[in-house]
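S.K.: sequence and predicted structure, then a few things I'm wondering about:
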Protein chains: 2
Amino acid sequence: MSSFPPSQTGSSSPASPSLTGSCVIAQSGGPTAVVNASALGAIEASLAAPCVTRTLGAAHGIEGVLNGKLFDMGCEDRRELSLLRCTPAAALGSCRYKMSDPEEDAADYLRLLGVFRRYDVRYFFYIGGNDSMDTCRKISGFLADAGYACRVVGIPKTIDNDLCGTDHCPGFGSAARFIATACMELDRDVRVYEKGRVTIVEIMGRHAGWLAGASALAAHAGGGPDLVYLPEVPFSMERFLADVAAVYRRRGSCMAAVSEGVRDADGRFVSESPEGGRDVFGHAQLGGLAALLAEAVRRKTGFKVRGVELSLLQRCAAHAASGTDIGEAWDAGSFAVAQALAGASGKMVSFERGGTHGEYACRLTLVPLEAAANREKLVPRGWINAAGNNVERAFVDYALPLIQGDVRPPMENGLPRFARLRLLPAEPRG
Amino acid sequence: MSSFPPSQTGSSSPASPSLTGSCVIAQSGGPTAVVNASALGAIEASLAAPCVTRTLGAAHGIEGVLNGKLFDMGCEDRRELSLLRCTPAAALGSCRYKMSDPEEDAADYLRLLGVFRRYDVRYFFYIGGNDSMDTCRKISGFLADAGYACRVVGIPKTIDNDLCGTDHCPGFGSAARFIATACMELDRDVRVYEKGRVTIVEIMGRHAGWLAGASALAAHAGGGPDLVYLPEVPFSMERFLADVAAVYRRRGSCMAAVSEGVRDADGRFVSESPEGGRDVFGHAQLGGLAALLAEAVRRKTGFKVRGVELSLLQRCAAHAASGTDIGEAWDAGSFAVAQALAGASGKMVSFERGGTHGEYACRLTLVPLEAAANREKLVPRGWINAAGNNVERAFVDYALPLIQGDVRPPMENGLPRFARLRLLPAEPRG
């Protein structure tokens, strides 16, 4: 698998004089197995840049920026820092804070401007999903209107892979690899008994079925779910029960992978979480679907059935991460800094798939933040079969290159050795 | 980590003339990441033994023996067979069939004797837990009474590690390694937000807390559960809620690992599964404890809380298996055959921990089947802290050597390549 070096695409933004000042790197939204690799790429590029006076990490994303809780990343031990490449979650801390529109309420933006002035921040890099890209867009616009020179670049991150403006998103490949691996193992496990059973595997993905579709990579590799349900196709309980019964009659067992985000014909989620609540962005908190569907199958068919939630490991299983994903995540962070130094702002790093003769290759480029903000990229209907109970070969061809490469954390005493950062508070200038 | 070669301990059973005839290898009970490694050890040793005329695999454990559904393992491609070392679940198929006492009902035993005669079976190896060792004991006794010369040896297997008569059990090390790794990753994932939360991780283990205790290896390695609850100590909901609240006040977040088998002061399981039912051995089917405890914490404290079930991956995550466990599992299968050829019968393979200066080493030996049958080995009370909400250093010292060694399946296209056996039916002689 080859990949275009970022340097080749530096031309994608006009070269203009570098600003001298400090840089802030922040992480936002749900953690992933590789969001720290992106942070590391940005931190290492920033520490190496002569015009960057200080490389700061924001505690808990934009919240740390607003509260002036910033870490001096230059104080970290470089070897410890390098362990971020294989350390899951978000080493700087994350948040789900939603900033208002500056027109409605500029308070947050004025606080941010004050902090940026005190710390002489001239570069801001936000690693996150479409909500974070919207935050970037608003901050970038406000700072420009305020006449404060600061370059703002978004670095894409989400296991959901639902970001527009990019071929795929760092975090997805590792989650997809874990899901496919787990489904291959579950396929062996749940079919050991003579008397078959039904297994329902619940997979993350609020609105897009990229992660649920990744379970089909297991079947492609020789053993995985017989059925796969994505949120892109309205979910019918009747059809689901009929599908399961049909497979069970044919195989003597059935494994179905279902996205937590499946909705009925009226657009209602088949499952709402026990907590019921919604997050600050108004997204329903989901969960418990596997148990709900297992109960439905049990009542309808009397088959022995089990629900399995892959749960949080889908986003944090660094021990099963994709080497391609880790590498691309680091590249995205490093590329963002290089582009900002060259003058880019108001942009998001994007992956453009190239390659010839079906060989995978990817080029980094920049797209306007607007391309990603507040929108969700769904799995094309044509990549889902007509019956809406599995994915087509086109999906496999898209996802397979993204799960390649075995890169695991250094081990210590049989367990992964994750980064232990000092995270020392940075004082404002003067 | 050194280990005594099995050959050194061949003397542990009296040498007597080898019987000439075929050998049957069967797998029973819940699958594990390494039960196929034990089967491989037995199959390879048996195929190499001149006096073994045919190496047969039983379809679905004792059920395949009773129904004469036997596979000719000599027909398998050797390279494909060797992939069993890293293939999870039970390649021959498993069962939970319980044989009656021969005194009460000899029908099964007479059927088995008939099959053994037709296939000229002179060696029987059963890979399983304490129920299977009891089955071995009954079969061994019946065949002796019937005057049919056949050597019966049990090969220990269970992730629960609750088998008596052995220091530990193949399957436990790999499950413990996955649990500890997953808990380290979850620890990073659930503490990323400024506003802390409570995470409850449900871990397998019906009566013994070996697996729940393994989660403490994560904390020992720098990040894991703050609280660990084992079935060996009566579970008090009041104390649990107080423990969680105390940790949350101190840390701003809390992670608790709880065994699915925790019971109240009256010995009632805190959780019974949605299915309610009991398996054929009368064991309650458990599950859903994490959700139950999460709801209790939510109601009592109002904290943001999430329940996580590690579920079936605990027993089938071959991608995270322990190299020590895989090696010992293979050794156990190979040793069983060597000992049976030398005359041993009515015995179970056992691991005897040796080693000096705290260095880990293990010796294989044989114990009477009675030592393991129908009994459960619990975690010593002294290895659990006085408060009953975590394990002591002695537990860590016991478990840590068992999770060492990184051996993973060969990869193909970014995913594990598991064994694909032909499993050709074997015809009876003449």
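M.R.: Structure received. Residues are numbered from 1 along each chain as shown, chains lettered A, B, ... in the order given.

S.K.: farthest from the middle of chain A: give me that residue.
M.R.: Centroid-distance maximum for chain A: residue A:194 at 39.6 Å, with C-alpha atoms, centre = their mean.

S.K.: show me which residues of the stretch 1-150 of chain A are close to chain B?
M.R.: Contact residues, the stretch 1-150 of chain A versus chain B (C-beta under 8 Å from any C-beta of the partner chain): A:27, A:31, A:59-60, A:63, A:87-90, A:93-96. Just so you know, the C-beta spots here come from the backbone N, C-alpha and C atoms, and that holds for glycine as well.

S.K.: make it 6 Å
M.R.: Counting by C-beta under 6 Å from any C-beta of the partner chain, the stretch 1-150 of chain A comes close to chain B at A:31, A:60, A:63, A:88, A:89, A:90, A:93, A:94.

S.K.: and the fourth one, how many neighbours?
M.R.: Using other C-beta atoms under 10 Å in any protein chain shown, the number of residues around residue A:88 comes to 32.

S.K.: same deal with the first one?
M.R.: Other residues within reach of residue A:31 by the criterion other C-beta under 10 Å amount to 28.

S.K.: could you find the closest non-adjacent residue to residue A:419?
M.R.: Closest residue to residue A:419 apart from its sequence neighbours, by C-beta to C-beta, 6 or more residues apart in numbering or on different chains: residue A:83 at 3.7 Å.

S.K.: check for me that that neighbour belongs to a strand.
M.R.: No. Using DSSP: H, G, I helix; E, B strand; the rest coil, the secondary structure at residue A:83 is helix, not a strand.

S.K.: from residue A:170, how far off is it?
M.R.: 18 Å (C-beta to C-beta, to the nearest Å).

S.K.: over to residue A:129?
M.R.: The gap separating residue A:129 from residue A:170 is 11 Å, by C-beta to C-beta.

S.K.: got it, and residue A:23?
M.R.: Taking C-beta to C-beta as the measure, residue A:23 falls 20 Å from residue A:170.

S.K.: correct me if wrong: the residue farthest from the centre of chain A contacts residue B:60.
M.R.: Yes. Using C-beta atoms under 6 Å, residue A:194 is in contact with residue B:60, at 4.4 Å.

S.K.: how about the contacts made by the residue farthest from the centre of chain A?
M.R.: By C-beta atoms under 6 Å, 6 or more residues apart in numbering or on different chains, the contact list for residue A:194 reads B:60, B:63.

S.K.: of residue A:129 and residue A:170, who's got more company?
M.R.: residue A:170 (36 against 26).

S.K.: name the nearest residue to the more buried one, ignoring sequence neighbours.
M.R.: residue A:329 (3.8 Å).

S.K.: over to residue A:49?
M.R.: residue A:341 (5.8 Å).

S.K.: need phi/psi at the one you found.
M.R.: Here is the backbone geometry of residue A:341 (degrees, to the nearest 10): phi -60, psi -30.

S.K.: measure it to residue B:20 for me?
M.R.: According to C-beta to C-beta, residue A:341 and residue B:20 sit 79 Å apart.

S.K.: of those two, who's got more company?
M.R.: Neighbour totals were compared for residue A:341 and residue B:20, and residue A:341 leads with 23 against 12 (other C-beta under 10 Å).

S.K.: that one and residue A:17 touch, don't they?
M.R.: No. Between residue A:341 and residue A:17 no contact is recorded; they are 9.8 Å apart, counting by C-beta under 6 Å.

S.K.: quick one: low-confidence parts of the stretch 51-200 of chain A?
M.R.: For the stretch 51-200 of chain A, no stretch has pLDDT under 70.

S.K.: quick one: the strands in it?
M.R.: A:52-58, A:70-72, A:121-128, A:151-156, A:198-203 (DSSP state E, counting those that start in this stretch).

S.K.: redo these as JSON lines? Include mean neighbour count.
M.R.: JSON lines is the format used below for these (neighbours: other C-beta atoms under 10 Å in any protein chain shown):
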{"stretch": "strand A:52-58", "mean neighbour count": "24"}
{"stretch": "strand A:70-72", "mean neighbour count": "23"}
{"stretch": "strand A:121-128", "mean neighbour count": "27"}
{"stretch": "strand A:151-156", "mean neighbour count": "29"}
{"stretch": "strand A:198-203", "mean neighbour count": "28"}
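
S.K.: neighbours of residue A:195, how many?
M.R.: Residue A:195: 12 neighbours (other C-beta under 10 Å).

S.K.: show me what contacts residue A:88?
M.R.: A:33, A:316, A:318, B:185, B:188.

S.K.: can I get the residues you listed in TSV with distance to residue B:375 and neighbour count?
M.R.: Output for these, formatted as TSV (distance: C-beta to C-beta, whole Å; neighbours: other C-beta atoms under 10 Å in any protein chain shown):
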residue	distance to residue B:375	neighbour count
A:33	42	34
A:316	38	29
A:318	39	30
B:185	35	29
B:188	39	23
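
S.K.: centroid residue for chain A?
M.R.: Short answer for chain A (C-alpha atoms, centre = their mean): residue A:158, at 1.4 Å.

S.K.: is it true that it touches residue A:129?
M.R.: Yes. Residue A:158 lies in contact with residue A:129 (C-beta under 6 Å); the separation is 4.0 Å.

S.K.: I'd say residue A:63 and residue A:98 touch.
M.R.: No. Counting by C-beta under 6 Å, residue A:63 does not reach residue A:98; the two are 10.9 Å apart.

S.K.: of these two, which one has the most company?
M.R.: residue A:63 (20 against 14).

S.K.: now the more buried one. Nearest residue, chain neighbours left out?
M.R.: Nearest one to residue A:63, counting by C-beta to C-beta, 6+ apart, is residue A:95 at 4.5 Å.

S.K.: quick one: residues contacting that neighbour.
M.R.: So residue A:95 contacts A:28, A:60, A:61, A:63 (C-beta under 6 Å, 6+ apart).

S.K.: return the member of these nearest to residue A:178.
M.R.: Minimum distance to residue A:178 across the contacts of residue A:95 is 21.9 Å, recorded for residue A:28 (C-beta to C-beta).

S.K.: so how far is residue A:316 from that closest one?
M.R.: 16 Å.

S.K.: do the same with residue A:78
M.R.: Taken as C-beta to C-beta, the span from residue A:78 to residue A:316 is 24 Å.

S.K.: before we move on, what about residue A:338?
M.R.: 29 Å.

S.K.: show me the contacts for the residue in the stretch 1-150 of chain A that chain B sits nearest to.
M.R.: Sorted by distance to chain B under C-beta to the nearest C-beta, the residues of the stretch 1-150 of chain A start with residue A:89, at 3.6 Å. Listed by C-beta under 6 Å, 6+ apart, the contact set of residue A:89 reads A:31, A:316, B:188, B:189, B:192.

S.K.: how long is stretch A:71-91 end to end?
M.R.: 11 Å (C-alpha to C-alpha, to the nearest Å).

S.K.: err, stretch A:336-349, not the other one
M.R.: End to end - C-alpha to C-alpha - stretch A:336-349 spans 6 Å.

S.K.: that older thread, format the residues of the stretch 1-150 of chain A next to chain B as a markdown table; extra columns: distance to residue B:49.
M.R.: Below are the residues of the stretch 1-150 of chain A next to chain B laid out as a markdown table (distance: C-beta to C-beta, whole Å):
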| residue | distance to residue B:49 |
| --- | --- |
| A:31 | 53 |
| A:60 | 64 |
| A:63 | 68 |
| A:88 | 47 |
| A:89 | 51 |
| A:90 | 56 |
| A:93 | 60 |
| A:94 | 59 |
